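Undergrad: what follows is a predicted protein model with its sequence.
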Amino acid sequence: MVHTDETNRYGGWDVPIVNMTQAATMAGIGRSTLYRHAKKGTLSTVTLPDGSPGIDTSELFRVFPVAQSQGHGEAVKVIHEETRDTALLKLEIDHLRELLAAERRNNEDLRLAMRQIEHKHQNEVPERSRGFFSRVFGGKQ
């Protein structure tokens with residue numbers, strides 16, 4: 001996930017903080033290479049809100065200038081597009097989860113109402129029908 005609230009300015013572009021997977025893709029290298037450079041101290045990382053490491057893309061381009069020559073602007077645009085799509089999908093997922101939770105509550109309410117109706121019918125004493133002699137001789141009703 002790109003953290004657009006944590007941005008720097010780089011050549012007129014908003015340069016986001018990206019996670020290690022996105023940084024590796026942008027630089028055309030493996031994630032293990034990024035982690036190795038971060039461990040050696042040649043690449044500075046930041047901690048993202050979820051606790052995972054992230055890299056400012058300007059720092060990425062400082063250490064791996066090949067990535068910059070491959071079209072920094074296009075890479076940032078792609079990440080922004082992915083971020084927008086991801087954000088929309090997350091909103092849709094959240095909305096669907098809310099709808100599902102509402103349906104589950106509704107189903108539980110219906111189950112409770114059915115149990116109450118069944119319980120009410122179980123506790124009712126059926127009306128005893130009058131026998132032949134009661135009807136003929138007018139006994140208790």
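TA: Right, received. Where do you want to start? Numbers count the residues shown, from 1 in each chain.
Undergrad: pLDDT of the longest helix belonging to the chain, averaged?
TA: Secondary structure of the chain per DSSP state H: the longest helix is helix 72-123. In this model, helix 72-123 has a mean pLDDT of 81.
Undergrad: packing partners for that helix?
TA: When contacts are defined as 3 or more C-beta pairs under 8 Å, 6 or more residues apart in numbering; DSSP states H and E, helix 72-123 packs onto strand 3-10, strand 13-19, helix 20-27, helix 57-63. For every residue, glycine as well, the C-beta is placed using N, CA and C.
Undergrad: for the first one, what does the pLDDT average out to?
TA: The reference is to strand 3-10. Strand 3-10 shows a mean pLDDT of 42.
Undergrad: ditto for the third one
TA: Helix 20-27 carries an average pLDDT of 85.
Undergrad: tilt between it and helix 72-123?
TA: 150 degrees (axes from the mean of the first three to the mean of the last three C-alpha atoms, to 10 degrees).
Undergrad: which secondary structure elements does the helix or strand following helix 20-27 contact?
TA: Beyond helix 20-27 on the C-terminal side, the first helix or strand identified by DSSP states H and E is helix 31-40. With contacts taken as 3+ C-beta pairs under 8 Å, 6+ apart, helix 31-40 sits against helix 20-27, strand 53-56.
Undergrad: relative to the last one, what are the paired strands and their orientations?
TA: Here strand 53-56 is paired, per DSSP bridges, with strand 13-19 (antiparallel), strand 46-47 (antiparallel).
Undergrad: comparing those, which yields the minimum mean pLDDT?
TA: Here these differ in mean pLDDT, and the lowest is strand 13-19 at a mean of 70.
Undergrad: now do the same contact list for the spatially most central residue of the chain.
TA: Most central in the chain under C-alpha atoms, centre = their mean is residue 90, positioned 5.2 Å from the mean C-alpha point. Residue 90 makes contact with no residue, according to C-beta atoms under 8 Å, 6 or more residues apart in numbering.
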